[in-house]
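S.K.: Just need the structure, nothing else, for what follows:
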Amino acid sequence: MISIKTQRELDVMRQACKITAAARALAGKMVRPGVTTGQIDKAVHDFIVSQGAKPSFLHYQGYPASACISVNEVIIHGIPGNRELKEGDIVSVDVGAYYKGFHGDCAATFACGRISDEAQRLIDVTKQSFFEGIKFARQGNRVSDISHAVQTYVEANGFSVVRAFVGHGVGEHLHEEPSVPNYGAPGKGPRLVKNMTIAVEPMVNMGTYDVRVLKDGWTTVTADGKLAAHYENSILITDGEPEILTVSEEL
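M.R.: Have a look, this model is predicted:
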């Protein structure tokens, strides 16, 4: 069942999303050679807790960390640890914060030092595909209108969109209805209604869209070992333009 938020619920959710976005920004500033993914995860955890919130991902379905930190060919769900970032890496950070009963969820891919032109183009196309998608995140449209716009833009730029994982509703639960794929024909799926909140999150691969989940049950990599990028925001459907809830403001 799709949850339509009340004004009071949205006020709280905006706070959850603001904390989430600030955690993403903090993580992004830490991405540099020599820093470990575990150090970034600890900083994200400590920041979210300092804001009176809880990391949404910590212990979610057994996940062992507060952030997903995915490097290079890792698409999503990279578990932070002792890995030191190196010059030229691209680093996807996905974070969530749970505040007074509501979740925020967002992600972005950051360059570690100087990266290749093609890696930068992958990051840029992934981010822009989100904005191409949410042009259709309007009351009366259908979910797959967003999906189709993301896929069309990504593939026009020579990359592929992951199909095994999708965006989702977000609110009282980290993952709610509806599913928000990043591919598919337009005009399908639930109709978008004012005060729906969804997480739109293109996951884009340089090569094939096929993926592989490693033995830890979480880490998801490109099947061909090529680079991947990720960009996500929680958004609100309004009676006009969508509102991006996870705006990157400093707290």
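
S.K.: just the helices in the chain please.
M.R.: Using DSSP state H, the helices of the chain run over 7-30, 37-50, 117-134, 143-156.

S.K.: Single out the most deeply packed of those helices.
M.R.: helix 143-156 (a mean of 23; mean count of other C-beta atoms under 10 Å). C-beta coordinates here come from the backbone N, C-alpha and C atoms, glycine included.

S.K.: Export it to PDB, keeping only CA atoms.
M.R.: Taking C-alpha atoms only, helix 143-156 is exported to PDB below (Å, rounded to 0.1, in the frame of the first residue of the first chain):
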ATOM      1  CA  VAL A 143       5.900   5.800 -11.900                       C
ATOM      2  CA  SER A 144       7.400   4.300 -15.100                       C
ATOM      3  CA  ASP A 145       7.400   7.700 -16.700                       C
ATOM      4  CA  ILE A 146      10.300   8.500 -14.400                       C
ATOM      5  CA  SER A 147      11.800   5.100 -15.100                       C
ATOM      6  CA  HIS A 148      11.700   5.600 -18.900                       C
ATOM      7  CA  ALA A 149      13.300   9.000 -18.800                       C
ATOM      8  CA  VAL A 150      16.200   7.700 -16.700                       C
ATOM      9  CA  GLN A 151      16.800   4.800 -19.000                       C
ATOM     10  CA  THR A 152      16.600   6.800 -22.200                       C
ATOM     11  CA  TYR A 153      19.100   9.400 -21.000                       C
ATOM     12  CA  VAL A 154      21.600   6.800 -19.600                       C
ATOM     13  CA  GLU A 155      21.500   4.600 -22.700                       C
ATOM     14  CA  ALA A 156      21.800   7.700 -25.000                       C
END
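
S.K.: Point out the other helices and strands that that helix packs with.
M.R.: If contacts are counted by 3 or more C-beta pairs under 8 Å, 6 or more residues apart in numbering; DSSP states H and E, helix 143-156 sits against helix 117-134, strand 160-161, strand 176-180, strand 197-200.

S.K.: tell me the angle it makes with strand 176-180.
M.R.: With axes from the mean of the first three to the mean of the last three C-alpha atoms, to 10 degrees defining the directions, helix 143-156 sits at 40 degrees from strand 176-180.

S.K.: Just want the angle from helix 143-156 to helix 117-134.
M.R.: Going by the same axes, to 10 degrees, helix 143-156 makes 160 degrees with helix 117-134.

S.K.: And the contacts of helix 143-156?
M.R.: Helix 143-156 is contacted from outside by 125-126, 128-130, 132-137, 160-161, 178-190, 192, 198, 200, 202, 204, using C-beta atoms under 8 Å, 6 or more residues apart in numbering.

S.K.: which of those count as buried?
M.R.: Buried residues within the contacts of helix 143-156, counting neighbours by 16 or more other C-beta atoms under 10 Å: 125-126, 128-130, 132-134, 136-137, 160-161, 178-184, 186, 189-190, 192, 198, 200, 202, 204.
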